[in-house]
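Asks: Quick one, fold the following:
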Amino acid sequence: MKLTLEYKKIKRTGIVPGCLAGGILAAAVPILELAVRSEQYTQLRQSPLRTIMQADWQMMSMLNMLLVITIACMMYHTEYADNAVGRMITLPLREEKIFFGKCFLLSGMCAVVLIIEMLSIIFCTLRWFGGEEGAYTAFYGASFASAYMKFVRDLAYNFGYCFCMLLPVVILSLLVASACKNMWVSLGIDVVCLFMATMIPVRYFALSVFPFALPFQILEEANAGRAVQYLTAAMIEIIIIGAAETVFLKVRRAAA
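Replies: Okay, here's the model as predicted:
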């Protein structure tokens, strides 16, 4: 019921078509890249998935985070616009449930965006790396069908990993949006954090687990131990941010 109510709130805001448009825009990045410079990438002696992710994921993840930030700000802007937040504080409602309902809904949107991007990468591999003599057939050392199934498996692992890396951005963006009545303030804070993340040296693990830096990580570049560390860091951040939001809402309600 809560998710249905949250969906009804955003149904007329243009968030849903905007989310799909953002996913299509990010999905177009590897297609355009390979359409222009295919010869440069098809000659590399490595996994086609690694080639595409290394070349394009930085831009795709930045577009994904900008989309998450914008949607999060708009979600709470609709609450503050008609003083709905003020009325909720006076009602016997648990604001935490509303917040986590928004988190779940925004996470679902992120999953849809990532699926669109995954389909784009599948298209790229079939178009520029496919065929019996294609790059991923040679890389996996198997028949076309077998190599393709291994590629899809690896792609699913990568996008599951990318989804987990994006979740801290989802919950942190919603926390900032819930704390700022002015949408432009929360948008500005998140955008500044995003551009700060682009300047963080990735060789320092403690800095690279900054929530807005995590989505730049890809499974293809991490060994098993480092991938587990990043997943653990993402889970811890989600718990900490969720707890911080719960405390913030209780304090705001008590002060109202």
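
Asks: which residues in the stretch 51-200 of the chain form helices?
Replies: Using DSSP state H, counting those that start in this stretch, the helices assigned to the stretch 51-200 of the chain run over residues 84-90, 95-124, 135-140, 144-179, 183-197.

Asks: for the second one, packing partners?
Replies: For helix 95-124, the packing partners by 3 or more C-beta pairs under 8 Å, 6 or more residues apart in numbering; DSSP states H and E come out as helix 2-11, helix 15-42, helix 48-81, helix 84-90, helix 144-179, helix 224-255. Where you see a C-beta, it was placed from the backbone N, CA and C, and this is true even at glycine.

Asks: contacting residues for residue 155?
Replies: With contact taken as C-beta atoms under 8 Å, 6 or more residues apart in numbering, residue 155 is in contact with 49, 118, 121, 122.

Asks: scratch that, residue 241
Replies: 168, 171, 172, 175, 211.

Asks: okay, the residues you listed in JSON lines with distance to residue 189 next?
Replies: Formatted as JSON lines, the contacts of residue 241 follow (distance: C-beta to C-beta, whole Å):
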{"residue": "168", "distance to residue 189": "15"}
{"residue": "171", "distance to residue 189": "15"}
{"residue": "172", "distance to residue 189": "10"}
{"residue": "175", "distance to residue 189": "10"}
{"residue": "211", "distance to residue 189": "12"}
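
Asks: For residue 120, see how far away the nearest residue to residue 112 once chain neighbours are set aside is.
Replies: Excluding the flanking residues, the one nearest residue 112 by C-beta to C-beta, 6 or more residues apart in numbering is residue 23, at 6.5 Å. Between residue 23 and residue 120 the computed distance is 9 Å (C-beta to C-beta, to the nearest Å).

Asks: buried subset of the contacts of residue 241?
Replies: Neighbour counting by 16 or more other C-beta atoms under 10 Å classes 168, 171, 172, 175, 211 among the contacts of residue 241 as buried.

Asks: Regarding the closest residue to the third one other than its chain neighbours, what is its secondary structure?
Replies: To tie it back to what came earlier, the one meant is residue 172. Nearest residue to residue 172 in three dimensions, chain neighbours excluded: residue 211, at 4.9 Å (C-beta to C-beta, 6+ apart). Look at residue 211: counting by DSSP: H, G, I helix; E, B strand; the rest coil, its state is coil.

Asks: dump the residue contacts of residue 211.
Replies: Residue 211 sits next to 168, 169, 172, 193, 237, 241 when contact means C-beta under 8 Å, 6+ apart.

Asks: that older thread, redo the helices of the stretch 51-200 of the chain as CSV? Include mean pLDDT.
Replies: Below are these laid out as CSV (pLDDT from 0 to 100):
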stretch, mean pLDDT
helix 84-90, 63
helix 95-124, 90
helix 135-140, 56
helix 144-179, 88
helix 183-197, 93
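
Asks: so can I have CSV of the ones you listed showing distance to residue 8?
Replies: Listed next are the helices of the stretch 51-200 of the chain as CSV, based on distance: least, C-beta to C-beta, whole Å:
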stretch, distance to residue 8
helix 84-90, 13
helix 95-124, 11
helix 135-140, 44
helix 144-179, 18
helix 183-197, 20
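
Asks: With neighbour numbers in mind, choose between residue 23 and residue 120.
Replies: A direct count of neighbours by other C-beta atoms under 10 Å for residue 23 and residue 120 places residue 23 higher, at 24 against 21.

Asks: mind checking pLDDT for the more buried one?
Replies: Looking at residue 23, its pLDDT stands at 93.

Asks: From residue 151, how far out is it?
Replies: As for residue 23, its distance to residue 151 is 21 Å (criterion: C-beta to C-beta).

Asks: quick one, what contacts the residue nearest to the spatial centre of the chain?
Replies: The centroid of the chain falls nearest to residue 166 when counting by C-alpha atoms, centre = their mean (3.7 Å). Counting by C-beta under 8 Å, 6+ apart, residue 166 touches 61, 64, 65, 68, 110, 114, 214, 215.
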